[in-house]
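> curious how this folds, go ahead:
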Amino acid sequence: MANLRSVLHAWRESEAAKKGVELFRVLPNSAIDEIVRAMPKTKEELTAIKGIKEAKYNQYGAAILNMVKEGGGAETPKAAFGQKPDEITAISYIVDGMVLPKPKEERMLYSVSTYLDIVNRELWRMRATVKGEVTSFKEQGKAVYFSLRDAEDGSMLSVFMWMSDFALAGITLAEGLEVILEGRSEIYKPSGRFSFRAETIELVGEGAFQKAYNELKKKLELEGLFAPERKRQLKEHPIRIGLVTSRSGAVIHDFLNNLGRFGYHVVFVDSRVEGAGAVKDILAALTLLESKDIDVLVLVRGGGSLESLQAFNNEHVVRKVATFPAVTICAIGHDKDVPLVQLVADYAPSTPTATTILLNASWEHTIHELQTLSRGLIVRFEQDVWRMQDALRTVSGELETRLDVLIQPFRLLITSFNDSVLLLARQLSSKKDELHYSSKTLLEQYRQQRRFVLEALASAARSVQQNDPLRQLKLGYSILTHGGKVVRSIADIAVGQSFDARLSDGTLVVETKEKHPINDK
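Okay, here's the model as predicted:
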């Protein structure tokens with residue numbers, strides 16, 4: 001599995017180099033991890049992996065499946081050719097989706113182009129660091145070309161380097177200058193020439209570093225980049241700090257441990273601070289922080305030799321710090337020569353701890369002032385309270401005397417009022433007794449009157465009952481009516497006329513047949 005992962009990474013680097021694209025555009029790391037885990041054997045299984053769709057499969061699918069099929073290729077291809085493992089003679093078994101036969105199998109012929117692809121594929125996997133003396137330096141188009149000579153036996157290595165990478169190094173090359181290169185080798189197919197493609201370049205030797213340092217320092221000084229009038233003042237009470245340093249060093253811990261608890265918001269960007277790669281990291285970090293809303297930029301690292309501090313004497317880094325929009329603080333430990341970044345920065349304390357002292361100063365000063373003001377306010381408040389207490393005691397005594405004079409008439413009035421209230425209370429008590437006796441008398445009179453009224457009502461009820469017409473009807477009497485009027489005489493009805501006779505339980509309609517008057521005489 002580990003060998004397959006290595007083969008996939010080497011294959012990806014070669015493809016990216018050939019096409020001039022970034023690694024992730026060939027195959028992202030997550031896709032490589034998933035290929036190693038899933039070991040796909042078909043197109044469907046491969047395209048199911050995130051990051052590998054139809055278009056990418058059409059480009060690289062066959063090669064990837066063949067690499068998986070071979071399990072990442074032979075573990076020690078160098079030994080298969082009878083070479084020692086440390087000799088640079090290994091050739092990968094896999095190229096462009098074609099699985100090459102192992103040496104012991106049937107011989108197979110390759111075209112020159114295919115064979116060079118195989119060699120370049122393996123060479124590209126071998127990243128190397130090489131030291132030598134510069135000869136035959138020339139700039140051509142977007143690249144620089146020179147040779148690297150071995151000082152001991154005169155061996156020569158052709159070197160190619162992109163102008164953009166060379167410019168970042170900030171080095172002026174001269175004949176015989178000793179340098180360290182980092183990069184990969186390749187064979188240029190049109191000419192068959194073997195060359196080293198350098199990605200970074202560093203000077204070797206204190207003398208070379210000192211010379212380059214002095215020349216750049218003089219150049220920048222003439223431009224006025226170190227002038228005191230360019231220095232900006234750190235704002236009071238900074239909050240947002242952009243911090244650039246290495247995550248793995250002790251410097252970041254010293255800085256954060258000594259940074260006061262004042263509510264700082266630290267935007268940290270991890271960066272290498274030594275070696276040729278540090279220049280790219282620092283420039284990328286500064287570019288990122290330019291877009292952030294920060295009050296101050298802090299660039300820190302520990303001390304070291306002039307050689308180890310190359311990145312902080314790089315012209316691109318120095319100019320980037322000089323034009324940074326926020327106030328800059330560069331704390332880079334040094335023994336003799338001050339790094340140029342510190343000369344161009346607004347502040348250049350010697351250590352990370354000194355940097356935190358600078359950042360904390362305005363906060364601590366303000367806190368000290370607040371504490372002093374607080375103590376002064378407390379003392380003044382206590383003094384004012386004491387004065388007010390004395391004044392209140394004096395005024396209180398005067399008021400007490402004056403109030404006694406003013407209150408005396410009211411005391412007499414209160415005494416008189418209390419006497420009047422007591423007299424009124426006695427009178428009310430007497431009236432209460434009288435009212436109680438009167439209420440008993442009135443109650444008895446009410447009861448007598450009530451009995452009289454009830455008896456009168458009962459007598460009236462009996463009289464009404466006796467005179468009730470309905471009672472007479474029940475005794476056999478009837479009430480005669482004609483045309484709604486009571487018939488009182490036979491004269492009221494003619495023979496043949498009908499009339500109503502109301503009885504106790506109903507009404508009869510009666511017709512007059514005859515009339516017989518009663519003669520009372």
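> contacts and neighbour counts: CA atoms only from here.
Fine.
> tell me which element the residue nearest to Arg125 when sequence neighbours are not counted falls in.
Nearest residue to Arg125, sequence neighbours excluded (C-alpha to C-alpha, 6 or more residues apart in numbering): Ala10, at 5.1 Å. In the assignment (DSSP states H and E), Ala10 maps to helix 2-19.
> average model confidence for that helix?
Helix 2-19 shows a mean pLDDT of 78.
> list the buried ones in it?
Leu4, Arg5, Val7, Leu8, His9, Ala10, Trp11, Arg12, Glu13, Ser14, Glu15, Ala16 (16 or more other C-alpha atoms under 10 Å).
> quick one: buried residues of the helix or strand just after it?
For helix 2-19, the succeeding helix or strand toward the C-terminus, using DSSP H and E, is helix 23-26. Going by neighbour count (16+ other C-alpha under 10 Å), the buried part of helix 23-26 is Leu23, Val26.
> what of stretch 155-175?
157-163, 165-166, 168-171, 173.
> separation between Lys485 and Ile493?
11 Å (C-alpha to C-alpha, to the nearest Å).
> looking at the two, which is more packed in?
Ile493 (17 against 11; other C-alpha atoms under 10 Å).
> thought Leu480 was touching Val486?
Yes. Proximity of Leu480 to Val486 meets the contact threshold set by C-alpha atoms under 8 Å, at 5.8 Å.
> neighbour count winner among those two?
For Leu480 and Val486, the more surrounded residue by other C-alpha under 10 Å is Leu480, and the numbers stand at 20 against 14.
> phi first, then psi, for the more buried one.
Dihedral angles of Leu480 (phi, psi; degrees, to the nearest 10) stand at phi -100, psi 130.
> report the beta-bridge partner residues of it.
Ala501 (DSSP bridges).
> helix or strand with the lowest mean pLDDT in the protein?
Across the helices and strands of the chain, the lowest-confidence element by mean pLDDT, DSSP states H and E is helix 77-80, at a mean of 34.
> now for the buried residues of helix 2-19: which two are most distant?
Farthest-apart pair in the buried residues of helix 2-19 is Leu4 and Ala16; separation 18.1 Å (C-alpha to C-alpha).
> report the contact partners of the closest residue to Arg488 other than its chain neighbours.
Distance criterion C-alpha to C-alpha, 6+ apart; nearest residue to Arg488, sequence neighbours excluded, is Leu480 at 8.0 Å. With contact taken as C-alpha atoms under 8 Å, 6 or more residues apart in numbering, Leu480 is in contact with Val486, Val487, Arg488, Phe499, Asp500, Ala501, Arg502.
> and Leu480, how close does it get to Asp492?
Counting by C-alpha to C-alpha - Leu480 and Asp492 are separated by 11 Å.
> do the same with Ile171
156 Å.
> just give the number of residues close to Ile414.
The burial count for Ile414: 12, using other C-alpha under 10 Å.
> next SSE after the strand or helix carrying it?
For Ile414, the element it lies in under DSSP H and E is helix 352-466. Downstream of helix 352-466, the next assigned helix or strand under DSSP H and E is helix 469-474.
> and that following helix, how far from the chain's centre?
Centre-to-centre, helix 469-474 and its host chain are 105 Å apart (C-alpha atoms, centre = their mean, to the nearest Å).
> for it, buried residues please.
Leu470.
> go ahead and name everything in contact with it.
So helix 469-474 is contacted by Gln465, Ser478, Ile479, Leu503, Ser504 (C-alpha under 8 Å, 6+ apart).
> so the second one sits against Arg502, correct?
Right, the one you point to is Ser478. Yes. The pair formed by Ser478 and Arg502 meets the contact definition of C-alpha under 8 Å, at 5.4 Å.
> and the residue lying closest to Val159 once chain neighbours are set aside, how many neighbours?
Spatial nearest neighbour of Val159, excluding adjacent residues (C-alpha to C-alpha, 6+ apart): Phe196 at 4.7 Å. Neighbour count of Phe196, defined by other C-alpha under 10 Å: 21.
> just checking, Phe196 touches Trp162?
No. Between Phe196 and Trp162 there is no contact under C-alpha under 8 Å: 11.7 Å.
> what's the most distant pair in the contacts of Leu480?
Top of the distance list for the contacts of Leu480 (C-alpha to C-alpha): Arg488 and Arg502, 13.8 Å.
> higher neighbour count, these two?
Arg502 (17 against 11).
> give the contact list for the more buried one.
So Arg502 contacts Ser478, Ile479, Leu480, Thr481, Leu508 (C-alpha under 8 Å, 6+ apart).
> for Thr129, same thing?
Per C-alpha under 8 Å, 6+ apart, neighbours of Thr129: Ile180, Leu181, Glu182, Gly183.
> quick one: secondary structure of the last one?
By that I understand Gly183. With DSSP: H, G, I helix; E, B strand; the rest coil as the basis, Gly183 sits in strand.
> what number of residues lie near it?
Neighbour tally, Gly183, other C-alpha under 10 Å: 19.
> for it, list each beta-bridge partner.
Ala128, Ala198.
> pretty sure it sits against Arg197.
Yes. Using C-alpha under 8 Å, Gly183 makes contact with Arg197 at a distance of 5.7 Å.
> now the residue nearest to Arg125: how far from Asp150?
Taken as C-alpha to C-alpha, the span from Ala10 to Asp150 is 28 Å.
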